[in-house]
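can you look at this prediction? I've put the sequence above it.
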Amino acid sequence: MTLVADAETEPQSVMNLPEDKTLLERIAAGDQSAVSECVDQYGGVVWTMARRMLPRESDAEDATQEIFIEIWEKANRFDRSRGSEATFIGVLARRRLIDHLRRRSSKRVAHLADVDPVEPNEMNIVETADEAQKAAQCFRKLSDRQQRVLSLSIYQGATHQAISDLLAVPLGTVKSFARRGLLQLRDCMKRNLLPGGAVE
Amino acid sequence: MTLPESLNQEQQELLAGSFLNDLTDDEANDVQRLLAYEATELEFDELELSAAALHLALASSELGELPGQLRSKLVSEGEQHFITPRPRPHVDETNRSFRTNVMSRREKLAWLVTAVSCVLLAVVLWPENPTLELSNSVLRQRLISSTNDSLQADWGAGTTPFEENVSGDVVWSTDRQSGYMRFVGMPINDPTVEQYQLWIIDPARDDEPIDGGVFDITEDGEVIVPIQAKLEVIDPKAFAITIEKPGGVVVSTQERLPLLASVE
């Protein structure tokens, strides 16, 4: 499931790209028109990720800018044979957001009090990424409590202590639910999915 | 911890914790040791991808609209990327076989341990563009990612520490003669009564510290302040914050020195 090519890969010439080239491939090849398309395609989802994890709007704006700077820098590392463009951007975005959370960890607890868990809606991610589709299907196979903990941890960026307080569950249990839940999700995603979301 | 041919359940759970931002210091050290082995990298990549894919799926369920002004900034920023030719990334041949992911092994370690960005190895010169209104946070990030020589030092207690816990760091590039101070939890000051002043200790230049500029803290949480060095900095060894009268001083008595960052 590795996503990217060797960092040294020379950007491809625009002339040599396949017809169905992705936005990141076009950016890596120097196609400036792909910039606004990339922002329009992925800006909403990156912004949503940032707003959910960072309560202050100015922090979310900073993080979104930093994420896109990194997207421009690393576009030439994207390799479509190893995963979708959306997931590549998701990895960069997630890492940057965790950096922001680490700087502000003490500010997170209060933000969680009125948060409802979110459930993935496959209809909305059809255009996003195969991996995200698969993740949504595998997510539903986890127990309700694992889903809740993972949603709070991964999507809201909640610390496990905050989740423990919110759900009135011991910290060690929260850690186990989250870590084992992510491992189960990974294992499920490695298997082939059948139509309708069943797993082989 | 034994050398893993393949990871056992406990080690896999530890690795999963990396992407849930819940590692203790000891666990982070264990993950560092695990990452020394090539077998761990595939697990690392798969778990990161799984977490990112789920994150995307959850975010797609309540997709928000990017604010128009921010969209304009992102597009301008992206288009600037094409204007100035950029050098090829520096290549460390010793790491060549591992550089098959978003992050090299060294980058993964840096991300896990120091929580700085994963672009420490990417040597990229960004064009300066005064027309873009970039935040200090973005400019600080640019400085880190675009220079080879940038140093980073954490704030610690000075001779007269704050009562509150204040954290953060200093980033400085001697090549660029530019840097940023980051503070988290720094007390807000009343600029009509007193102001903060940065001093750069640089024995290679002078016995007297260099004035790094007077500044105010105007909000809670994280604040990033650009450094305004009044003289050329050659080889800084430490950065100190003093509290002075409004406007600052030419020579500080260092009577109140709450923060100090030593360069290792």
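The structure has been received and is ready for your questions.

could you see whether chain A lies near stretch B:64-72?
Yes - on the criterion Cβ under 8 Å from any Cβ of the partner chain, stretch B:64-72 is in touch with chain A at B:64-67, B:70-71. To be clear about C-beta, it is placed using only N, CA and C from the backbone, and glycine gets the same treatment.

and the pLDDT at A:Met15?
Per-residue confidence at A:Met15 stands at 39 (pLDDT).

now the phi/psi pair for the closest residue to B:Ile227 other than its chain neighbours, please.
Excluding its sequence neighbours, the residue lying closest to B:Ile227 (Cβ to Cβ, 6 or more residues apart in numbering or on different chains) is B:Gly179, at 4.1 Å. The phi/psi pair for B:Gly179 (degrees, to the nearest 10) reads phi -170, psi 170.

from memory B:Gly179 sits against B:Ile224, does it?
No - the pair B:Gly179 and B:Ile224 fails to qualify as a contact (Cβ atoms under 8 Å) at a distance of 10.7 Å.

show me where chain A has helices.
A:23-28, A:33-53, A:57-74, A:85-103, A:130-139, A:144-150, A:160-167, A:171-190 (DSSP state H).

how about these, which one is nearest B:Asp154?
Ranking these by proximity to B:Asp154 (Cβ to Cβ) places helix A:85-103 first, at 12.0 Å.

can that closest one be found next to chain B?
Yes - applying Cβ under 8 Å from any Cβ, one finds that helix A:85-103 is in contact with chain B at A:86-88, A:90-96, A:98-99, A:101-103.

where's the dip in pLDDT among the residues you listed?
A:Arg103 (69).

around chain A, pick out the residues from the stretch 151-264 of chain B.
Residues of the stretch 151-264 of chain B found near chain A, taking Cβ under 8 Å from any Cβ as the criterion, are B:182, B:184-185, B:221-222.

show me the chain divided up by domain.
Since no chain was named, I'll use chain A. A:1-107, A:110-200 (automatic domain parsing).

I was after chain B.
Structural domains of chain B, as assigned by automatic domain parsing, span the residue ranges B:7-64, B:65-133, B:151-262.

quick one: mean pLDDT over the longest one.
Read it as domain B:151-262. Confidence over domain B:151-262 (mean pLDDT, whole number) is 91.

and stretch B:26-45, by the same measure?
Averaging pLDDT along stretch B:26-45 gives 76.

in it, which residues are buried?
By 16 or more other Cβ atoms under 10 Å in any protein chain shown, the buried positions in stretch B:26-45 come out as B:27, B:30-31, B:34-35, B:40-41, B:43-45.

what of stretch B:147-161?
Buried positions in stretch B:147-161, judged by neighbour count with 16+ other Cβ under 10 Å: B:147, B:150-153, B:155, B:158.

picking up where we left off before, what bridges to the residue nearest to B:Ile227?
Assessed by DSSP bridges, B:Gly179 has beta-bridge partners B:Trp172.

what's near enough to touch it?
B:143, B:150, B:170-173, B:226-227, B:229 (Cβ atoms under 8 Å, 6 or more residues apart in numbering or on different chains).

orientation of the longest helix belonging to chain B relative to helix A:171-190 in degrees?
Ranked by residue count under DSSP H, the longest helix found in chain B is helix B:38-60. Computed with axes from the mean of the first three to the mean of the last three Cα atoms, to 10 degrees, the direction of helix B:38-60 lies at 90 degrees from that of helix A:171-190.
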